[in-house]
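1. Predicted model and sequence below, questions to follow.
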Amino acid sequence: MGDPKGWWHPVQGMGWIITSVSQLAFRCLQAPPALRCAGVLLGSGLIVGSGLVGWLLVAIGYHIHPLIGTAVGSILLASCFAARSLREAASDVLSPLQTGALDEARLRLSQYVGRDTDRLHESDLLRAVFETVTENATDGVLAPLFYALLGALLPDVGSIPLALAYKAASTLDSMVGYRDSPYTDLGWFSAKTEDVLTWIPCRLTVLTIALLSCRPLHVWKLCQRDAPQDPSPNSGWSECAYAAALDVQVGGINWYRGVAKPKPLLGDAVQPISAQVIDRALQLTRWSILLWLAVFLFTCFLLSLAQR
């Protein structure tokens with residue numbers, strides 16, 4: 001369904017808390033140890049708090065009526081997945097690009113990525129869209145799904161608290177998890193926590209993409225060769241898996257506020273990145289979702305048989 005336009009989103013609340021606490025910490029604290037302690041409190045508080053609030057809202061809903069509890073839980077859980085948002089973001093940039101309106105494509109892309117977009121050529125724009133789609137496939141779609149399914153196996157916990165807790169960790173990482181000043185100390189805990197929480201879902205994503213490509217050894221070998229070169233323990237693996245499966249190459253020079261930052265090359269440039277390749281990447285994500293759900297349901301079926 002996607003997120004209805006105009007509706008309040010839980011990530012907005014998380015973002016408001018992160019911004020407010022960060023501004024307060026920068027005003028009141030100067031020493032790196034103090035900022036690190038504030039980062040721990042911010043990260044752990046938001047992650048645990050998001051999970052507890054989700055659990056409480058669903059519990060209140062069920063206390064009123066089972067249908068209300070189901071509706072509240074469904075809405076909260078749906079807010080954790082960004083599959084449709086990724087497709088719409090890609091389409092938003094590709095639409096003017098396909099008509100040759102590069103300036104419009106650059107402007108729209110700037111809404112979704114942190115890199116400078118004002119001088120990107122068509123191939124760079126396509127690479128940026130592909131990298132955004134494939135990196136966020138893990139932390140925006142499949143990792144929340146992993147924790148939702150894990151929570152579903154824990155009746156006393158449930159899907160919503162774990163999925164929302166992961167969403168909070170991901171939001172923290174995207175807002176304060178930077179190595180650059182002023183977030184170096186405040187954001188270190190958030191960055192490390194998100195890396196740890198994403199590690200298993202990311203590797204499962206790589207394995208899933210490798211299987212769906214029908215060339216699992218090829219994808220795995222390229223990921224082992226290239227992904228460790230990326231400074232991130234997860235995004236490089238996710239991007240490389242899609243690149244290897246689709247025979248394209250990502251990485252290279254990106255510009256941030258006028259400063260060039262090279263990223264390692266991932267995959268082999270057998271063919272150029274195109275709109276069709278990006279659509280196939282999105283299709284791989286959709287098939288991955290369905291495969292994970294099918295495996296989960298089959299596992300539940302086997303567990304139910306074992307308990308009889």
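-> That came in fine, so what should we check first?
2. pLDDT weak spots in the stretch 151-300 of the chain?
-> Scanning the stretch 151-300 of the chain for pLDDT under 70 picks out nothing.
3. where exactly do the helices run in it?
-> Using DSSP state H, counting those that start in this stretch, the helices of the stretch 151-300 of the chain run over 159-176, 183-186, 188-212, 216-226, 235-246, 275-306.
4. Contacts only, for residue 219.
-> By CB atoms under 8 Å, 6 or more residues apart in numbering, residue 219 lies in contact with 206, 209, 210, 213, 241, 244, 245. C-beta: built from backbone N, CA, C; applies to glycine.
5. which residue packs closest to it, ignoring adjacent ones?
-> In space, and not counting its chain neighbours, residue 219 is closest to residue 210: 3.9 Å by CB to CB, 6 or more residues apart in numbering.
6. what about that neighbour, how many residues close to it?
-> 21 (other CB atoms under 10 Å).
7. wait, what's in contact with it?
-> 216, 217, 219, 220, 223, 241, 244, 245.
8. top of the residues you listed by neighbour count?
-> residue 241 leads the contacts of residue 210 on contacts (other CB under 10 Å) with 31 neighbours.
9. what's the angle from the strand or helix carrying residue 132 to helix 159-176?
-> When elements are assigned from DSSP states H and E, residue 132 belongs to helix 122-137. Going by axes from the mean of the first three to the mean of the last three CA atoms, to 10 degrees, helix 122-137 is angled at 140 degrees with respect to helix 159-176.
10. Pull the most distant pair out of the contacts of residue 210.
-> 217 and 241 (12.9 Å; CB to CB).
11. Low-confidence ranges, the stretch 1-150 of the chain, go.
-> In the stretch 1-150 of the chain, residues with pLDDT under 70: 1-2.
12. Run through the helices of it in chain order.
-> Under DSSP H, counting those that start in this stretch, the stretch 1-150 of the chain gives helices at 10-28, 32-64, 66-78, 83-98, 102-109, 122-137, 143-152.
13. quick one, which of those helices is nearest to residue 177?
-> Using CB to CB, the nearest of the helices of the stretch 1-150 of the chain to residue 177 is helix 32-64, at 9.1 Å.
14. residues of the closest one that come out buried?
-> Neighbour counts over helix 32-64 (16 or more other CB atoms under 10 Å) mark 35-39, 42-43, 46-47, 50-51, 53-55, 57-58, 61 as buried.
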